[in-house]
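J.: A predicted structure for the sequence below; I have some questions about it.
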Amino acid sequence: MLIVELAFTPTPERLAARPAHRALLGDLHADGRLVAAGPWADDTGALLIFDVEREDLDRILAADPYYRTPGVDITAVRPWAPLFGPRRDG
């Protein structure tokens, strides 16, 4: 699994791009590639958990213009090996 951490700054572009981004996240969740996603409670960023390989994640990030929108910065992409909760077999 891969974790994507985002940092937000307040911009009208980010808020305008958010509905389309959330629709794409819904599709990714429905097909099992997105395990969970959501903003920090103070809306300064977000955390996304993907169950994909890095090459697939790169394609996902490139296909969603939200990640290139002013006010949205990808601060980290990290491999994650959960001990409890969702986990790939193997």
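T.: Done, it's in. Owing to the predicted nature of the structure, the values given are computational and were not obtained by experimental measurement.
J.: for the residue nearest to Ala76 when sequence neighbours are not counted, give me its contacts.
T.: Excluding its sequence neighbours, the residue lying closest to Ala76 (C-beta to C-beta, 6 or more residues apart in numbering) is Glu5, at 4.2 Å. (Glycine included, C-beta is placed from N, CA and C.) When contacts are counted by C-beta atoms under 8 Å, 6 or more residues apart in numbering, Glu5 touches Gly45, Ala46, Leu47, Ile74, Thr75, Ala76, Val77, Arg78.
J.: what subset of these is buried?
T.: Buried members of the contacts of Glu5, scored by 16 or more other C-beta atoms under 10 Å, are Gly45, Ala46.
J.: format the contacts of Glu5 as a markdown table; extra columns: pLDDT, secondary structure and distance to Leu24.
T.: Shown next, in a markdown table, are the contacts of Glu5 (pLDDT from 0 to 100; DSSP: H, G, I helix; E, B strand; the rest coil; distance: C-beta to C-beta, whole Å):
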| residue | pLDDT | secondary structure | distance to Leu24 |
| --- | --- | --- | --- |
| Gly45 | 97 | strand | 18 |
| Ala46 | 98 | strand | 14 |
| Leu47 | 98 | strand | 17 |
| Ile74 | 98 | strand | 15 |
| Thr75 | 98 | strand | 20 |
| Ala76 | 98 | strand | 20 |
| Val77 | 98 | strand | 17 |
| Arg78 | 98 | strand | 21 |
